[in-house]
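sequence and predicted structure, then a few things I'm wondering about:
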Amino acid sequence: MTGQVLEHNFLGEMPASCERLAYVRMLTTPDDPGSATAETPMLSLEAGRYTLFQGLATQCLATGRERILTFRWRSPPRTGHICLELKLMHSRNGAVPLLSTELNITEPVTSRSVRLMESAYLRNPWFYLPSEGIHWSPSGARYPLFVREAKAARFYDAEARAYLDYTCGWGACFLGYAEPRIAQAVADSLSRRALSGLPQDIEIELTERLCSLFPGAEMALFGKNGSDVTTAAVRMAREFSGRPLILYGGYHGWHDWNRPDEAQAVPFAPGNIKMLAELFARYRGQVAAVILEPAAWVGGVEGPVPDADPAFLHDAGKLCRRENALLIFDEIFTGFRYRKGSVQRALDIRPDLTCLGKALGAGFPISALLGSRRIFTAVMGKIRYDPTYKGEPHAFAAALESIRIHETEKPYVEVWNFGNKLMEGINALCRRHNIAARMEGLPIRMVLRFAHPPDDAAHGPLIRTFLQQQLLQRGLVGFRGFLMPTAAHSQEDLTETLRIFDESLKALRQADLEHTLVRQLELPLIL
């Protein structure tokens, strides 16, 4: 492959020992269009005696003969003027020069966030960062890395900069961060309870409350993460039915069963009853259960995020009953967040097993599995479910107070109203700035979906990433474009959110018109 650089984001000046993401748009001529290197070329970035990067481009977008390449590099540790040289590593021709540019290295950025990030790279980098570790920006903004404090709808980073947050602890902090009544309930529990070998009264109180709230629920068990109870549900179904196969409609946790395996677990497209029926026919007598999110499941980086389909859910239940398989609702996200507090209550549908989590504990680690006495008593002695912390009482205290707030105040009503206003406001801003995009999803989980040119596969990821970069620089945090409002988001927060979107969409429109997206991008592509 040979290439010509058309656009890049290398700067004229940056701090020493600073991590940055390179973007290079180039016109390529593959030697062998069928080879791997025709898609993802090998690059080298050097500055005198320093090799700043060498390897395959981390990300590669291809549109015709054009490639947009990204890779992570770090500036040299010493200050002064250097010459950056970007080369294409060619199997036959060796290193082919692509670009040479001058760079002035200034004093390094020092902050607690940077020191923590350096330690994390060495010891524990296994977490989500919206900037994927990039901290410095030539705009003067700083991307958030670590949270020092969180209250209501905001968190504060290690340098005490405030950010308006729409990740809400992966959906767990539905009442907001550090909700005072939840905090008090946990403080009271801490002063007089601790984990014990015997069950505590508060666990049975919580069991009674949950069974009274969900149709058909007669018994319960508790865990810490959603994966605990989805896996317990799968084990129950297999033991109860004597069958091995699970049909699953999306992501239901990180455990081994939730991945394609012809003998153990087969995925299906949520909402597609024809496909589900065909799978039952193909695996006649082998299906133990169907597990699905009944609403608000995520189909991709731009959705869809569909509402519940009553016809599909009722038909799925009929199929399961006909085939003697269990129907498992994963309401870990929708529980206490959907209309009437759950999809099954809103639509009057009774699954065999229900998985809950996230909003149940209002930010404290707890999940629950609910179901009929018939199923529980038949299999609980066989699934070997005995985690150490399943009876931890402080999360029970948080969950009881959370349920009390949900039942007396119905915060989901205000959150849906807020989310509707947010979606309508962002749609109006897109029209104002002549951007072909529209909010996709539900008021509780949403994302901006762009209309993409059919002949330009790179355009979508570029504008999607650029928008998130602009939002972050202005202090608004989501998850790869997704927004999840909470009961703590106020009218003032709505006004601020729309102001930030207004400025960010304006910047996006200008960069798109001027064809400077690649030049201005600093964060990894959202693909």
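Arrived safely.

switch to C-alpha atoms for all contacts and neighbour counts from now on
Noted.

residue ranges of the strands in the stretch 101-250 of the chain, please?
147-151, 154-157, 162-165, 219-223, 245-248 (DSSP state E, counting those that start in this stretch).

how about the helices of the stretch 51-200 of the chain, start to end?
Along the stretch 51-200 of the chain, the stretches classed as helices by DSSP state H, counting those that start in this stretch are 112-123, 180-192.

kindly present these as JSON lines, with separate columns for mean pLDDT and mean neighbour count.
Converted to JSON lines, the helices of the stretch 51-200 of the chain look like this (pLDDT from 0 to 100; neighbours: other Cα atoms under 10 Å):
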{"stretch": "helix 112-123", "mean pLDDT": "96", "mean neighbour count": "14"}
{"stretch": "helix 180-192", "mean pLDDT": "98", "mean neighbour count": "15"}
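
coming back round to it: which of the strands of the stretch 101-250 of the chain sits closest to Leu103?
Distance to Leu103, taken as Cα to Cα, is lowest for strand 154-157 among those, at 29.9 Å.

pLDDT averaged over that closest one - what is it?
Summarised as a single mean, pLDDT over strand 154-157 is 98.

which among the helices of the stretch 51-200 of the chain is found nearest to Arg161?
Of all the helices of the stretch 51-200 of the chain, helix 112-123 comes closest under Cα to Cα, at 11.2 Å.

work out the gap between that closest one and the centre of the chain.
Centroid displacement of helix 112-123 relative to its chain, using Cα atoms, centre = their mean, to the nearest Å, is 22 Å.

check stretch 12-24 too.
27 Å.

swap in stretch 182-193?
On Cα atoms, centre = their mean, the centre of stretch 182-193 falls 30 Å from the chain's centre.

also stretch 448-468?
Going by Cα atoms, centre = their mean, the spacing between the C-alpha centre of stretch 448-468 and its chain's C-alpha centre is 19 Å.

likewise for stretch 398-413?
Worked out by Cα atoms, centre = their mean, stretch 398-413 lies 25 Å from the chain centre.

need the CA coordinates for that stretch. CSV is fine.
Provided in CSV are the C-alpha atoms of stretch 398-413 (Å, rounded to 0.1, in the frame of the first residue of the first chain):
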residue,chain,number,x,y,z
ALA,A,398,-31.1,1.2,50.6
ALA,A,399,-33.5,-0.9,48.5
LEU,A,400,-36.3,-0.6,51.1
GLU,A,401,-36.0,3.2,51.2
SER,A,402,-35.7,3.3,47.4
ILE,A,403,-39.0,1.3,47.1
ARG,A,404,-40.7,3.5,49.6
ILE,A,405,-39.8,6.6,47.5
HIS,A,406,-40.8,4.9,44.3
GLU,A,407,-44.2,3.9,45.7
THR,A,408,-45.0,7.2,47.4
GLU,A,409,-43.6,9.7,44.9
LYS,A,410,-43.5,7.7,41.6
PRO,A,411,-40.3,9.5,40.4
TYR,A,412,-40.5,7.7,37.0
VAL,A,413,-43.4,10.0,36.1
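
what does it rub up against?
The contact list for stretch 398-413 (Cα atoms under 8 Å, 6 or more residues apart in numbering) reads 175, 181-183, 185-186, 206, 209, 336-341, 359-362, 364, 366, 487.

so how do I select the buried members of these in PyMOL?
To isolate the buried ones among the contacts of stretch 398-413 in PyMOL, judged by 16 or more other Cα atoms under 10 Å, type:
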select buried, resi 175+182+183+185+186+206+336+337+338+339+340+341+359+360+361+362+364+366+487
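
ok, longest helix in this structure?
helix 491-514 (DSSP state H).

now the strands for the stretch 251-400 of the chain?
265-267, 287-292, 326-330, 353-356, 367-371.

who wins for proximity to Gly171 among these?
strand 353-356 (12.1 Å).

can you list the strands that that closest one pairs with?
Sheet pairing for strand 353-356, assigned by DSSP bridges, gives strand 326-330 (parallel), strand 367-371 (antiparallel).

thought Ala451 was touching Met439?
No - with contact defined as Cα atoms under 8 Å, Ala451 does not count as touching Met439 (11.3 Å).

neighbour count winner among those two?
Under the criterion of other Cα atoms under 10 Å, the comparison of Ala451 against Met439 puts Met439 first, with 21 against 11.

count the neighbours of the closest residue to the more buried one other than its chain neighbours for me.
Among residues not flanking Met439 along the chain, Leu448 sits closest, at 4.3 Å (Cα to Cα, 6 or more residues apart in numbering). For Leu448, the neighbour count with other Cα under 10 Å is 21.

isn't Leu448 up against Leu442?
No - under the criterion of Cα under 8 Å, Leu448 is not in contact with Leu442, lying 11.5 Å apart.

state the helix or strand in which Val447 lies.
strand 445-450 (DSSP states H and E).

partner strands of that strand, with direction?
Here strand 445-450 is paired, per DSSP bridges, with strand 437-442 (antiparallel), strand 482-483 (antiparallel).

who touches whatever helix or strand comes next after that strand?
Next in sequence after strand 445-450, counting helices and strands by DSSP H and E, comes helix 459-473. Applying Cα under 8 Å, 6+ apart, the external contacts of helix 459-473 come out as 141-143, 450-453, 477, 480-481, 500-501, 504-505, 507-508, 512, 517-518, 521-527.

try it again with 7 Å
141-143, 450, 452, 481, 500-501, 504-505, 508, 517, 521, 523, 525-527 (Cα atoms under 7 Å, 6 or more residues apart in numbering).

now the following helix or strand past it: mean pLDDT?
Next along the chain after helix 459-473, taking DSSP H and E as the criterion, comes strand 476-477. Mean per-residue pLDDT for strand 476-477: 98.

how distant is strand 476-477 from the center of its chain?
Counting by Cα atoms, centre = their mean, strand 476-477 comes out at 14 Å from the chain centroid.

can you list the strands that that strand pairs with?
strand 162-165 (parallel).

which residues does the partner strand contact?
Contacts of strand 162-165 (Cα under 7 Å, 6+ apart): Ala153, Arg154, Phe155, Tyr156, Gly475, Leu476, Val477, Gly478.

one more time with 10 Å, if that's ok
Strand 162-165 has contacts (Cα atoms under 10 Å, 6 or more residues apart in numbering) with 143-144, 147, 149-150, 152-157, 176-177, 472-479, 483-486, 489, 493, 496-497.

dig out what the residue positioned nearest the centre of the chain forms beta bridges with.
Against the mean C-alpha coordinate of the chain, by Cα atoms, centre = their mean, the closest residue is Phe479 at 5.1 Å. Beta-bridge partners recorded for Phe479 (DSSP bridges): Phe482.

go ahead and confirm it touches Pro485.
No - Phe479 is not in contact with Pro485 according to Cα atoms under 10 Å; the separation is 11.9 Å.

list residues touching both of the two?
Contacts common to Phe479 and Pro485, judged by Cα under 10 Å, 6+ apart, are Asp165, Tyr166, Thr167, Cys168.

in JSON lines: the residues you listed, plus pLDDT.
Below are these laid out as JSON lines (pLDDT from 0 to 100):
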{"residue": "Asp165", "pLDDT": "98"}
{"residue": "Tyr166", "pLDDT": "98"}
{"residue": "Thr167", "pLDDT": "96"}
{"residue": "Cys168", "pLDDT": "92"}
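
so which of these is the most crowded?
In terms of neighbours by other Cα under 10 Å, those top out with Cys168 at 29 neighbours.

domains of this protein?
2-106, 112-177+412-520, 180-409 (automatic domain parsing).

quick one: end-to-end distance for the first one.
Going back to what we said before, that points to domain 2-106. 33 Å (Cα to Cα, to the nearest Å).

and for stretch 383-402?
End to end - Cα to Cα - stretch 383-402 spans 29 Å.

okay, buried residues for it please.
Applying 16+ other Cα under 10 Å to stretch 383-402 flags 383, 385, 390-402 as buried.

perfect, I'm done here.
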